[in-house]
Every structure is written in C-alpha cells, then in structure tokens.
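J.: Build me a model from this:
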Amino acid sequence: VPTAASSLVLNITNFIDTFMIQSRLEGVVAGSYDTIMGFYGASINSANIAKENIHTFLYGAYDTTLDFRNLVPTVMMTLGVSAIPIISAAVAKKDFKTVNGTVNTVFRITMLIALPAGAGFFVLSEPIMNLLYKGTENEAGIAIAAPVLGLYGLMMAILTLSSPLTNILQAIGRADVPAKALALGCVFKIGLNYILIGIPEINVKGAVFGTAFFYLLCIFYNYAVLRKETGVRIDIKTVIVKPLIAAVLCGGAAYGSYAVLCNVLTFGDMSSRLNGQSLACIISIGVAMLVYGIAVLLMKTLVKDDILMLPKGEKLAKILEKYKLIG
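T.: Alright, predicted model coming up:
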C-alpha cells in the first residue's frame with residue numbers, strides 16, 4: 001500500500017505539473033510579453049508562433065528535455081531494486097555492517113553514473129539538442145530547451161539518488177517513509193513552481209528548480225530515517241568527493257574537445273544534423289568517457305565490492321587489484 005501510494009502521489013504531482021506549468025507560462029506571457037520576447041523572440045518568430053500559443057510552444061520545448069531528465073534515474077532504478085534482497089536479509093540478521101557496505105555501494109555507483117552524465121548534459125546541452133533535433137519540426141525550440149537540459153544536468157545526481165534510496169527504505173521495512181516524503185515534497189514543489197515560473201526572468205526554468213527541490217527534500221527526509229533506523233554512514237570521500245572530481249574532469253574534457261573539434265571539423269550543412277559539429281559532439285562524448293574512466297581508476301574510486309557486483313566481477317577485481325586501481 002505505501003509503495004502504491006508513492007506512485008500515486010508522484011503521478012498526481014506530474015499531472016498537476018503539466019497543467020500548472022502551462023497555466024503559469026500563459027500568465028507570464030500575457031503580463032510580461034516584451035520580457036519573454038527578449039529571451040525567446042528569435043525562436044518564437046522562426047517558428048511563426050502566435051502570441052496566444054507562446055505558452056504552449058515554451059512548454060513543448062521544455063517537454064523535449066524530460067526524456068533526458070528521466071534517462072539516468074530510470075536506468076539506476078534497477079540498482080536499488082537489486083539491492084533489496086541483500087539489505088533485507090542483512091537487516092533480518094541485524095548485520096548492519098553489510099547494510100552499511102551495500103548502501104554505500106549503491107550510492108557510490110549511483111553517483112559514478114549520474115555525475116558524469118549530468119556533466120555531459122550541462123556542457124553539451126546545445127550540441128546534444130542540435131544532434132537530435134536540428135532540421136526537424138522541433139528545431140525552433142532548441143534555444144529554449146538547451147538551457148533547461150543544462151540545468152537538469154547540474155541536478156542529475158539529486159534526481160537520480162531518490163529511487164535507489166526509496167528501494168533501500170522498502171528493504172528495511174519502511175516503505176511508508178518515501179510516501180510521506182513525496183507527499184511533503186509535492187506541496188513544496190507546487191508552491192515553488194507557482195512562484196518561480198511566474199517570475200518572467202525565470203519562466204519555464206522555474207519548473208527545473210521546483211523539481212530539484214522536490215527530490216532534494218525527499219532525499220534528506222528519507223536518508224535521515226535510514227540513518228536513524230540502521231546507523232548507516234556514507235563515506236563522503238568515495239561516494240561524493242572522488243566521483244565529483246572525476247565528473248568535473250569529464251565535463252572539462254567534453255567541453256574542451258568539442259570546442260577544438262568544431263574548429264577542425266567544418267564540413268557539412270549547418271542547417272541539418274549531417275555536419276562536423278554533430279561528429280564533434282559524438283567524438284567529444286567518447287573523449288569525456290575515456291577521461292572519466294581513467295580518472296575514476298587513478299583515484300581508486302571503486303572498491304572491491306563495487307566490482308564484484310558486475311558480470312565476471314571477480315576476474316576484473318583481480319586485474320584491478322594487481323595494478324592497484326581499486327580502493
């Protein structure tokens with residue numbers, strides 16, 4: 001029942017979000033038309049959007065970023081689910097050392113995936129949107145959607161951590177806690193959206209801040225209960241600091257390599273996706289992944305338990321231990 005209630009609250013929140021964002025945007029356009037045109041006039045004019053439809057156009061551009069926003073959290077949801085039997089068994093035996101180790105592993109792997117993905121979305125938001133939507137009917141909205149995607153990139157770790165944490169609480173028999181956190185967060189999210197989207201200078205980006213605060217509140221509430229129930233302590237160095245440093249290097253590599261490659265790869269039609277900038281974007285993502293992987297290994301961010309969770313992890317752990325690349 002608590003799990004079903006959590007899903008219900010989340011779906012209701014998303015439904016209210018859709019209605020409220022468009023409603024508030026409509027009010028902002030009507031009350032601050034010149035300000036909105038100052039920000040998005042080129043996109044609105046290129047798409048030939050009538051004044052009464054601008055709020056729908058802005059929401060449509062925002063909506064194109066949601067699949068990117070949900071990509072990493074959806075993938076990482078399975079990690080939390082896979083940890084449920086391990087944590088449940090450990091709690092039943094009162095083996096809180098195993099609980100602590102498993103929770104740290106789940107959090108660390110979540111950060112190791114969410115942080116570099118977020119860094120990539122932040123520094124390559126516009127190239128990614130151009131790669132996918134240039135020359136399509138959504139092209140006019142790229143200039144609006146790219147900054148929104150960049151903001152979601154900055155907040156990707158917050159958006160991603162919530163699901164595994166919810167699964168962990170279910171594993172220790174406290175499925176009621178996420179439902180309470182979601183209900184509380186929903187109230188604040190609706191209020192923040194109403195206020196922030198209504199500020200012309202923030203407009204549609206207010207929905208990003210409202211969403212981030214919603215998940216941040218849920219994380220703090222859920223973690224406080226988890227720590228109280230199990231005594232879990234997060235290893236800040238391996239869970240946050242090292243992955244964050246590696247992610248910054250990843251983002252820097254993506255940004256730098258894209259800037260250099262754009263000056264080298266100048267072929268193709270700039271009005272379509274088949275050009276040097278698209279290739280530069282793809283190559284820079286590969287460069288960033290390589291730099292990130294090297295940084296993670298050199299800083300010994302991974303521990304043996306993380307490697308053992310992977311297919312053929314025992315063999316890989318032996319190789320990494322041989323070269324002293326795991327903590």
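J.: distance of the residue of the chain most remote from its centre from residue 153?
T.: In terms of distance from the mean C-alpha position of the chain, residue 93 ranks first, at 34.8 Å (CA atoms, centre = their mean). Using CB to CB, to the nearest Å, we find residue 93 at a distance of 40 Å from residue 153. Bear in mind the C-beta positions are built from the backbone N, C-alpha and C, glycine included.
J.: which stretches of the chain have low pLDDT?
T.: Scanning the chain for pLDDT under 70 picks out 2-3, 6, 310-311.
J.: Point to the residue nearest the middle of it.
T.: Most central in the chain (CA atoms, centre = their mean) works out to residue 156, at 2.4 Å.
J.: quick one: the longest helix that the chain contains to chain centroid distance?
T.: Counting residues, the longest helix in the chain under DSSP state H turns out to be helix 2-31. Counting by CA atoms, centre = their mean, to the nearest Å, helix 2-31 is centred 19 Å from the centre of its parent chain.
J.: Please apply the same query to stretch 87-102.
T.: 28 Å.
J.: buried ones in that stretch?
T.: For stretch 87-102, a neighbour-count test (16 or more other CB atoms under 10 Å) marks 87, 88, 90, 91, 99, 100, 101, 102 as buried.
J.: export these to a markdown table and tack on secondary structure?
T.: Formatted as a markdown table, the buried residues of stretch 87-102 follow (DSSP: H, G, I helix; E, B strand; the rest coil):
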| residue | secondary structure |
| --- | --- |
| 87 | helix |
| 88 | helix |
| 90 | helix |
| 91 | helix |
| 99 | helix |
| 100 | helix |
| 101 | helix |
| 102 | helix |
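J.: nearest residue to the residue nearest to the centre of the chain other than its sequence neighbours?
T.: Nearest residue to residue 156, sequence neighbours excluded (CB to CB, 6 or more residues apart in numbering): residue 118, at 3.0 Å.
J.: So which residues of the stretch 151-300 of the chain form strands?
T.: Applying DSSP state E, counting those that start in this stretch to the stretch 151-300 of the chain gives no strands.
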